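Fold the stuff below for me.
(chains A and B)
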Amino acid sequence: MILVCGDSADPVTNLFCVRLDDYGADYRFLDLRSYPRSYKIVRYRQTDKSNGSISCADWSLRIEDIEAVFVRNLYDPNNKIDDRHGQDVGVALEAELNLGLHSLFTGLRCPVVNSFAAIWANQSKPYQATLIQRAGLLIPATLITTNVGEARRFCESMENGGIYKSASAKTIGTRQVDLKTLPALMAGSKSAIYFQEYVRGSDIRVHVVGTKIFATKVNSGLVDYRFEETGRLRMEATSLPCKIAGACIHLTQRLGLLFSGIDLRETPEGDFYCFEVNAQPGFTFFEQRTGQPISRALWELLSGN
Amino acid sequence: MYLVLGEPNRQVVEAFTATLQQRNRPVLFLKELTSELDFIWSFNTNQSSSALSIDGHNIDSNAIRGVLVQNPLLLDSEPPPEDAVQYAQAEKNAILFAWFSSLVCPVINRYPVEYWFSPGVALPFWEKWIRDSGLEIAPAILSNVEAAIKKFGEALGTGASYLPFCGSEAYRASTKEDWKGIAKLAAICPVNLTWFIPPLYAGCVVGKRVFWNRHVSKAISQCERQLVEISRAAHLDFVEFHLATNKDLVYVHRVDPFPKLEPFDGKLRRLIAEELVKYLDSGARS
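Numbering: from 1, shown residues only, chains lettered A, B, ... in the order given. Below is the predicted model of the structure:
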């Protein structure tokens, strides 16, 4: 039995469940929107065994019968905190609930997409960049600094200018550096700023499911296609050179992930730069526009096919 | 030059600093990378270099002899911080973590990313390593079902410990009032309960050595190799374990990847600090 754990208001979770229904998959859905009030959790743990059950009005599942887990939306910064008992209690409660669920999944000896340990790397983009570089993919020249002079020199030295973005998971998108307003930008910041060379080229989003690759070319007029109007985005399935496909799989595995969304950019010269690895990719957005069977691949991974 | 980074644990930092000062070794403290510091870190596919200026000291990263990492900075959530404050904090934490992870000098601990950014890495997340080492963990229950919790507590006979996954505290549950409180908590969040088996023995791993907070039996001391093994598997050099015994069995009760050394007296803290310095100087890294 597959356990899907997510938020019923999340379109990705919803669509994945619809696909699982289409495939006739055996699964149970734990809705974070009504967790824990609508669920009974009993999990016993000893050194060499773990048993118990998760149940709600509609179903009951023995923990020993869980054969795979697909989990998303935990630790989502957009989740509204239950602050009825105060903000600090609400924050602690949210963390305790999420860690409790993850502790349950951690004790299972079955595939978990994705595991607790593997989902944190994109909380630090520069940290992830060093891992990307070690996996054999190119990364843009980067400067993280509080020094205006260094920032100016860096951006002026880049052939296509510089961009800046957030170093953490709190995204502000990717923004072109305007040298005229650079001093004001840095004066207004309470931390160092994360600058990169602007890499010209075509965006490619790669979904890695186990050892399967789904590459999608994304055409947009913006520096950051995530902020493009949906109607203006054009997407098509594409293929990658073997070496790049292999590097994407290797990177996903090195991060401990079974499923990832990797952002690449192919330059006119045929080089591939990697910007980010997403451990909870919004893959259905790409699947719906290209017909790429990412959901099916996920289901096959979860069901051991 | 040695660096101490992050939110400090007072006992650890005091002992570490005193040891370095005794040896005339300079040490600087950097709680967070604020915009007031002069910080420059550049890297690309092939190279990385960084430098910063703290309190008038210009430091090239290649000149850092060793780093002791403490805790990530957390924001108080009461009153709720403004979005801009939260953003700045997230940025500082993300950059600090990436930076110390990239340093070529010895770093204790060079934390895997989940330790730094998750709300906690509690005992269940150590289970596989503990199991692989041959050590035991105390039986536990995670539940929001009052009857199951009550049955677990009654079966123990020794009283139970409530161990929240966030934070490093444990709370004893033995009286009627305690269990009423547990039931109230369980109504809003599944609770994690385990045995309460005093006394607890604190073992601090530094590299390949283990320091105990009190005299230990042969059974406990024989676990030292396993504690070192677990630490290595977790990619850590400095870990605090709390063990307990039940009849002839030794159990891991709790693991703290951000050691506080509270169960250790001043003399032992100095010994641990000396070992930390020695370990950094030996160039060992996880």
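
quick check, stretch A:132-150 touching chain B?
Yes. Under the criterion of CB under 8 Å from any CB of the partner chain, chain B is reached by stretch A:132-150 at A:Q133, A:L138, A:I139, A:P140, A:A141, A:T142, A:L143, A:I144, A:T145, A:T146, A:N147, A:E150. Where C-beta positions appear, they are placed from N, C-alpha and C, glycine not excepted.

what stretches of the stretch 101-250 of chain B score poorly on pLDDT?
Applying pLDDT under 70 to the stretch 101-250 of chain B picks out residues B:158.

Return the residues of it in contact with chain A.
Contacts of the stretch 101-250 of chain B with chain A, taken as CB under 8 Å from any CB, map to B:101-102, B:112-114, B:116-120, B:122, B:124-125, B:127, B:130-131, B:135-137, B:139-145, B:148, B:152, B:164-166, B:188-190, B:192.

Just the buried subset of those residues, please.
Neighbour counting over these (16 or more other CB atoms under 10 Å in any protein chain shown) leaves B:101-102, B:112-114, B:116-120, B:122, B:124-125, B:127, B:130, B:135-137, B:139-145, B:148, B:152, B:164-166, B:188-190, B:192 as the buried ones.

For B:A88, which non-adjacent residue is spatially closest?
A:K190 (3.8 Å; CB to CB, 6 or more residues apart in numbering or on different chains).

The one you found: how many residues sit nearby?
Using other CB atoms under 10 Å in any protein chain shown, A:K190 has 16 other residues around it.

per-domain residue ranges of chain B.
Domain assignment for chain B by automatic domain parsing gives B:2-117, B:139-195.

distance between the shortest one and the chain's centre?
Relative to its chain's centre, domain B:139-195 lies at 23 Å (CA atoms, centre = their mean, to the nearest Å).

follow-up on the earlier one: select from the residues of the stretch 101-250 of chain B next to chain A every entry located in strands.
B:E136, B:I137, B:A140, B:I141, B:L142, B:S143, B:N192 (DSSP state E).

Show me the beta-bridge partners of the closest residue to B:V216 other than its chain neighbours.
Closest residue to B:V216 apart from its sequence neighbours, by CB to CB, 6+ apart: B:Y201 at 5.6 Å. Beta-bridge partners for B:Y201, by DSSP bridges, are B:L243.

ok, B:Y201 to chain A distance?
18 Å (CB to the nearest CB, to the nearest Å).

thinking that residue is in contact with B:L243, fair?
Yes. Counting by CB atoms under 8 Å, B:Y201 sits close enough to B:L243 to count as a contact (4.8 Å).

Which pLDDT does the model give residue 252?
Because you didn't say which chain, this covers chain A. Looking at A:T252, its pLDDT is 97.

My question was about chain B, not that one.
According to the prediction, B:V252 has pLDDT 92.

residue contacts, it?
B:V252 is in contact with B:L123, B:W126, B:I130, B:L135, B:E136, B:I137, B:A138, B:F241, B:H242, B:L243, counting by CB atoms under 8 Å, 6 or more residues apart in numbering or on different chains.

How about the contacts made by the fifth one?
Think B:E136. By CB under 8 Å, 6+ apart, the residues touching B:E136 are A:T47, B:I130, B:L249, B:V250, B:Y251, B:V252.

For the ones in strands among the residues of the stretch 101-250 of chain B next to chain A, work out which two are farthest apart.
Spatial extent of those (CB to CB) is set by the pair B:E136 and B:S143 at 21.1 Å.

re the thing from before, with distance to A:S34 as added columns, please give the domains of chain B in TSV.
Shown next, in TSV, are the domains of chain B (distance: least, CB to CB, whole Å):
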stretch	distance to A:S34
domain B:2-117	24
domain B:139-195	13
